[in-house]
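Enquirer: Need a 3D model of the sequence below.
(one chain, ligands or ions: 1)
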Amino acid sequence: MDLGIRGKRALVCASSKGLGRGCAEALAEAGVDLVMNARGAEALEAAAEEIRERHQVSVVAVAGDITSDAGRAAVLAHGPFDILVTNAGGPPPGMWSDWTREDFIKALDANMLTPIALMQAVLPGMMAQGWGRVVNITSVSVKAPVSVLGLSNSARAGLTGFVAGTSRQVAGKGVTINNLLPGIHATDRAVALDMAVVKARGISMEEAIAERAATIPAGRYGTPAEFGAACAFLCSQHAGFIVGQNILLDGGATNTTL
Ligand code: NAP
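Expert: Numbers count the residues shown, from 1 in each chain. Have a look, this model is predicted:
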């Protein structure tokens, strides 16, 4: 399917690896020029170069922490953007009784206030040109809480509320905002969470992965490529009537009817 977005320009945050990288790849495959971002310059430049070679699109790599004012200013300087994919690392797992105010502020900054600031920066330009697409990478924890990820549950619920209202305010200008909710995907983040289970329970990595995979009806972890394909579709010309949705990509793991 031709996604109809060849020549558009996208900012894909936190995209040297994992789900962000999957989104960058899929958009590049659709002919979209990219600004990619991550903190580690080496892995970012390597990812950017691979994508340039594979898809013959323009890719600007901007190293920096997207959760900081300076990091956001650095990527936004490469605008204007037709497409924004927000993403950042997720908060660490832990216990509800241990988290401090500082822990919450850090999680809110990364997974709620950063995507909101980025949307506030790019939405006026998208509305003025009458076309735009925003996809926020959030989490299955918005639909079904993951108890040890209480910082993530809290911050992402706040972002989801913001998107629910704002998406309806901008849709009339040809701009859509939607959230993609990853369940368990095979990325470094999944490895870190599996490692936490290994340490807590004294089991092997293979056992930890098998246990988690067994909770997924699809019987396996998702892939960044599958995730990226869903993101690219939401950014396509065909998705202009999908507004303010929270789309779960979890292999059926969340046992709900709706
Ligand atoms: P990942 O494999 O660890 O990749 C994270 C990417 O983001 C890397 O490129 C990393 O590069 C970059 N990054 C992290 N923090 C950043 C920051 N502050 N500024 C700029 N770049 C940053 O993670 P992932 O699995 O793709 O997860 C992406 C998001 O989805 C996270 O918020 C995660 O919590 C959420 N999620 C993931 C899963 C899953 O199963 N994978 C499930 C639910 C939710 P640098 O480290 O070099 O900055």
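
Enquirer: What residues does the stretch 101-250 of the chain have near the ligand?
Expert: For the stretch 101-250 of the chain, the residues in contact with the ligand (CB under 6 Å from any ligand atom) are 137, 139-140, 182, 184-185, 187-190. Using the backbone N, CA and C atoms, a C-beta is placed for each residue, glycine as well.

Enquirer: could you redo the last one with a cut-off of 5 Å?
Expert: By the rule CB under 5 Å from any ligand atom, the part of the stretch 101-250 of the chain lying against the ligand is 137, 139, 182, 184-185, 187-190.

Enquirer: Please check those and keep the buried ones.
Expert: 137, 139, 182, 184-185, 187, 189-190 (16 or more other CB atoms under 10 Å).

Enquirer: From the residues you listed, which one has the minimum pLDDT?
Expert: Ranked by pLDDT, those bottom out at Arg189, which scores 83.

Enquirer: Test my guess that that residue contacts Pro91.
Expert: No. If you go by CB atoms under 8 Å, Arg189 and Pro91 don't touch, sitting 10.8 Å apart.

Enquirer: Please identify the buried residues of the helix or strand of the chain with the lowest mean pLDDT?
Expert: The least trusted helix or strand in the chain, going by mean pLDDT, DSSP states H and E, turns out to be helix 188-201, with a mean of 88. Buried residues in helix 188-201, defined by neighbour count with 16+ other CB under 10 Å: 189-190, 193-194, 197-198.

Enquirer: which other residues reach that helix?
Expert: Residues from elsewhere that reach helix 188-201, judged by CB atoms under 8 Å, 6 or more residues apart in numbering: 17-18, 89-90, 93, 148, 184, 203-205, 208-209, 211-212, 221.

Enquirer: again, 10 Å this time
Expert: Applying CB atoms under 10 Å, 6 or more residues apart in numbering, the contact partners of helix 188-201 are 17-19, 89-90, 92-94, 146, 148-149, 182-184, 186-187, 203-209, 211-212, 221-222.

Enquirer: Just after that helix, pick out the following helix or strand.
Expert: Using DSSP states H and E, the helix or strand that follows helix 188-201 towards the C-terminus is helix 205-213.

Enquirer: Report the mean per-residue pLDDT for that following helix.
Expert: What helix 205-213 shows for mean pLDDT is 93.

Enquirer: Return the alpha-carbon coordinates of it using CSV.
Expert: C-alpha atoms of helix 205-213 as CSV (Å, rounded to 0.1, in the frame of the first residue of the first chain):
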residue,chain,number,x,y,z
MET,A,205,16.9,-15.4,31.3
GLU,A,206,15.4,-18.2,29.0
GLU,A,207,12.9,-19.1,31.8
ALA,A,208,12.0,-15.4,32.3
ILE,A,209,11.4,-14.9,28.6
ALA,A,210,9.4,-18.1,28.2
GLU,A,211,7.3,-17.2,31.2
ARG,A,212,6.5,-13.7,29.8
ALA,A,213,5.9,-15.1,26.2
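
Enquirer: which other helices and strands contact that helix?
Expert: For helix 205-213, the packing partners by 3 or more CB pairs under 10 Å, 6 or more residues apart in numbering; DSSP states H and E come out as helix 188-201.

Enquirer: which SS state does Trp99 fall under?
Expert: Put simply, Trp99 is coil when judged by DSSP: H, G, I helix; E, B strand; the rest coil.

Enquirer: gap between it and the ligand?
Expert: 16 Å (CB to the nearest ligand atom, to the nearest Å).

Enquirer: and which of the buried residues of helix 188-201 is nearest to Gly251?
Expert: Ranked by distance to Gly251 (CB to CB), the buried residues of helix 188-201 are led by Ala190 at 12.5 Å.
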